[in-house]
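[1] quick one, fold the following:
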Amino acid sequence: MLLAVGAILTFALDVTTEGINLDTVGVILMIAGGLGLVISLLFWSSVAPFGSRTGDRTVVREERYF
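    This is a model prediction of the structure:
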């Protein structure tokens with residue numbers, strides 16, 4: 001969401017304002033959105049039930065004898 005708003009402010013708007021540069025605000029929002037995306041991807045990959053962390057699990061095979 002922040003990436004999209006930042007891109008709109010930076011690339012799509014051609015407005016001149018006093019006291020605030022919308023291009024700078026857009027770049028800041030895009031950086032914040034990118035950092036948030038990277039952090040969330042790292043968080044979700046560490047708590048995901050699937051993935052490459054198979055060395056931490058113990059597999060037990062249960063067999064029934066009649």
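[2] could you measure from Gly33 over to Gly19?
    According to CB to CB, to the nearest Å, Gly33 and Gly19 sit 24 Å apart. In this view, the C-beta of every residue, glycine as well, is placed from N, C-alpha and C.
[3] hmm, I was thinking of Val60
    Separation of Val60 from Gly19 (CB to CB) stands at 66 Å.
[4] nearest the geometric middle of the chain, what residue?
    Leu37 (1.5 Å; CA atoms, centre = their mean).
[5] that residue contacts Leu3, doesn't it?
    Yes: shown here, Leu37 and Leu3 form a contact pair, counting by CB atoms under 8 Å, at 7.3 Å.
[6] common neighbours of those two, please.
    Residues touching both Leu37 and Leu3 (CB atoms under 8 Å, 6 or more residues apart in numbering): there are none.
[7] what about Pro45, distance to Thr16?
    Not Pro; residue 45 is Ser. 43 Å.
[8] those two: which is more packed in?
    Using other CB atoms under 10 Å as the criterion, Ser45 and Thr16 rank with Ser45 on top: 12 against 7.
[9] got phi/psi on the more buried one?
    Dihedral pair for Ser45: phi -70, psi -30, per degrees, to the nearest 10.
[10] picking up where we left off before, looking at Gly33 and Gly19, which has the bigger crowd around it?
    Ranked by neighbour count (other CB under 10 Å), Gly33 and Gly19 place Gly33 first, with 17 against 4.
[11] so for the more buried one, what's the pLDDT?
    With respect to pLDDT, Gly33 scores 96.
[12] not counting its neighbours along the chain, what's nearest it?
    Of all residues not flanking Gly33 in the chain, Leu2 sits nearest, at 3.1 Å (CB to CB, 6 or more residues apart in numbering).
[13] neighbours around that neighbour, how many?
    Per other CB under 10 Å, the neighbour tally for Leu2 reads 17.
[14] Val25 versus the residue located most distally from the centre of the chain, what's the distance?
    Most distant from the centre of the chain: Phe66, at 52.6 Å, with distances by CA atoms, centre = their mean. As judged by CB to CB, Phe66 and Val25 stand 73 Å apart.
[15] list the contacts of Ile28.
    Gly6.
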